[in-house]
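# Build me a model from this:
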Amino acid sequence: MTLTKEASATTAVARRSRPKLRRGPAADRDSRRRSRRGLTHWIVLALLALATLLSLFPFFLAAINAIKTAEDYTAHGPLALPRSFDLSAITDFWQNVDYTNKLINSVLISGGVAIFGTVISLFNAFALGIGRIKARRALLVLLLLATTIPQEALIYPLYYMANETGLYDTKLVVVIISSVLSSAFGTYLLASVLSSFPKEILEAARMDGASRWQVLRLVVVPVIWPTLTVLMTFFFIWTWNDFFLPLIMLTSNENQTASVALGSLQGQYTSSPTSLAAASLMGILPAVAFFLIFQRTLTRGAVAGAVK
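Below you'll find the predicted structure:
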């Protein structure tokens, strides 16, 4: 017991006599740098949260006004929370514009453009990126410039050709035109990816006797599949939101898309704010649902899009 007390006393004396370590200038600088980094992190997070709220505000405004009655909207205004719950504006809009048919048309056209536009882009990019055809850079620059041409400058010759070929007012003409127009950007993107494709893999496939079609189908496509899925997703979204081309090429009610139906509201709908809010909500919901479904696909494609 006595030895234990002496050992404890000796340890306490040693601790008191031990010199205290002083922080030098380098440690102070590191501490201040970490503090500034933490403050910057919270500022960026706050700005991103604010940007998210601002981007969601139109969706929130359309949602709360779509379920209001006309009297509730008139009495309390568009920014007030709903004091009633009425889905008549949504149901009336859905029935009067035959929105189910419009959604089916939009899905068929957007899906067709996503598939055919990606296939055209893949074939073109394979010739430019791996085939190494002549004037490759000039063609890439030409395709990049083609993406800057507005549709308004091309609509008259496109309308004339569609009318002469008998494809006017058909969903197929929108699929063909949108696929070709979208493939300009898709070719440029995929050609940039395939230009850095490992040559060792291609040489090994050729030594095994693989044809060009087999190289494309069995070697190239599996490697760049994440990039292809991202490209198909972008083509689908762009075509879904396209208004001008379907408006000109699709005149009959049974062939119109959802975006045209939302933009051609007339008569009683233009004077009813709740009906306009319901139309806006119906136009936003499919795009939001599509993003939620393919969110992981976009993320994986953005991360794994580069060829390793």
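# What are the buried residues along the strand or helix carrying Pro226?
Applying DSSP states H and E as the criterion places Pro226 in helix 221-241. Across helix 221-241, burial judged by 16 or more other CB atoms under 10 Å covers 223-224, 226-240. All C-beta spots, glycine's among them, are computed from the backbone N, C-alpha and C.
# which helices and strands sit right next to that helix?
Counting contacts by 3 or more CB pairs under 8 Å, 6 or more residues apart in numbering; DSSP states H and E, helix 221-241 packs against helix 99-125, helix 171-194, helix 258-263, helix 273-293, helix 295-304.
# could I get those as CSV with distance to Ala89?
Below are those laid out as CSV (distance: least, CB to CB, whole Å):
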stretch, distance to Ala89
helix 99-125, 13
helix 171-194, 29
helix 258-263, 14
helix 273-293, 4
helix 295-304, 30
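# Kindly export stretch 88-106 (C-alpha atoms) in CSV.
Only the C-alpha atoms of stretch 88-106 are listed here, as CSV (Å, rounded to 0.1, in the frame of the first residue of the first chain):
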residue,chain,number,x,y,z
SER,A,88,-61.7,19.3,-60.4
ALA,A,89,-59.2,21.6,-62.3
ILE,A,90,-56.8,18.6,-62.8
THR,A,91,-59.5,16.2,-63.8
ASP,A,92,-61.2,18.7,-66.2
PHE,A,93,-57.9,19.5,-67.8
TRP,A,94,-57.0,15.8,-68.2
GLN,A,95,-60.3,15.0,-69.8
ASN,A,96,-60.7,18.0,-72.1
VAL,A,97,-57.2,17.8,-73.7
ASP,A,98,-57.2,13.9,-73.6
TYR,A,99,-53.9,14.0,-71.7
THR,A,100,-53.5,10.2,-71.6
ASN,A,101,-53.2,10.2,-75.4
LYS,A,102,-50.8,13.1,-75.3
LEU,A,103,-48.6,11.3,-72.7
ILE,A,104,-48.5,8.1,-74.8
ASN,A,105,-47.5,10.2,-77.9
SER,A,106,-44.7,11.9,-75.9
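# what residue ranges in the stretch 151-300 of the chain score low on pLDDT?
The stretch 151-300 of the chain contains residues with pLDDT under 70 at 264-271, 297-300.
# how about a cut-off of 80?
For the stretch 151-300 of the chain, the stretches with pLDDT under 80 are 262-273, 275, 280, 283-284, 287-288, 290-300.
# okay, now Met249: neighbour count?
Other residues within reach of Met249, judged by other CB atoms under 10 Å, total 23.
# I'd say it and Val174 touch.
Yes. Using CB atoms under 8 Å, Met249 is in contact with Val174, at 5.4 Å.
# re earlier: run the angle between the helix holding Pro226 and helix 273-293 for me.
Relative orientation of helix 221-241 and helix 273-293, computed by axes from the mean of the first three to the mean of the last three CA atoms, to 10 degrees: 180 degrees.
# Which pLDDT value goes with Ala114?
Note for Ala114: predicted pLDDT of 93.
# so who does Ser272 touch?
Contacts of Ser272 were listed using CB atoms under 8 Å, 6 or more residues apart in numbering, and they are 70, 89.
# And it, how far from Leu189?
Using CB to CB, to the nearest Å, we find Ser272 at a distance of 43 Å from Leu189.
# and if you look at Val173?
Taken as CB to CB, the span from Val173 to Leu189 is 25 Å.
# The two: which is more packed in?
Neighbours of Val173 and Leu189, each counted by other CB under 10 Å, are more numerous for Val173; the result is 24 against 18.
# Look up the closest residue to that one, ignoring the ones flanking it.
Leu167 (4.0 Å; CB to CB, 6 or more residues apart in numbering).
# Now do the SS call for the one you found.
Taking DSSP: H, G, I helix; E, B strand; the rest coil as the rule, one finds Leu167 in the coil state.
# same question, Leu158
helix.
# Spit out the contact partners of the closest residue to it other than its chain neighbours.
Leaving out its chain neighbours, the residue that sits closest to Leu158 by CB to CB, 6+ apart is Ile177, at 5.8 Å. Counting by CB under 8 Å, 6+ apart, Ile177 makes contact with 158, 162, 245, 249.
# Helices along the stretch 1-150 of the chain, start to end?
Here the stretch 1-150 of the chain has its helices, by DSSP state H, counting those that start in this stretch, at 2-17, 25-66, 70-76, 88-96, 99-125, 136-146.
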